[in-house]
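J.: give me a 3D structure for the following:
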Amino acid sequence: MHGLVLLQEEALIPVACVSADGALTDVARAILKSISTPRTHEAAAAETCLPLFRVRASVREMVAADMIVQREHGLLSMTEKGREVLELG
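T.: Purely as a prediction, here's the structure:
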């Protein structure tokens, strides 16, 4: 079962990076921690020891949930929402 993340004031969209109880999954947490300094998908995959396809899929979900933003040259960084969610645990 997928968790729900509030993307807009009135719309809840299920995303796999959040568990049913509303907490970040281990994969999402690891990726967010790895991009505390902006990194590429490949560098985040190497840092987390996750397959690149898994990092790319999770990043897509976290971009849609406004937790990550992709910057110039493909660098990924956490948004303020991503930092808040990571701190909440």
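J.: where does this structure have low pLDDT?
T.: Residue ranges of the chain with pLDDT under 70: 1-16.
J.: taking the centroid of it, which residue is nearest it?
T.: residue 62 (3.8 Å; Cα atoms, centre = their mean).
J.: need the next SSE after the one helix or strand it maps to, C-terminal direction.
T.: Assigned by DSSP states H and E, residue 62 falls within helix 52-64. Proceeding N to C from helix 52-64, the next assigned helix or strand is strand 68-70, under DSSP H and E.
J.: quick one: contacts for the residue nearest to the centre of the chain?
T.: Counting by Cβ atoms under 8 Å, 6 or more residues apart in numbering, residue 62 makes contact with 15, 17, 28, 31-32, 68, 82. Where C-beta positions appear, they are placed from N, C-alpha and C, glycine not excepted.
J.: if we go to 7 Å?
T.: 17, 28, 68, 82 (Cβ atoms under 7 Å, 6 or more residues apart in numbering).
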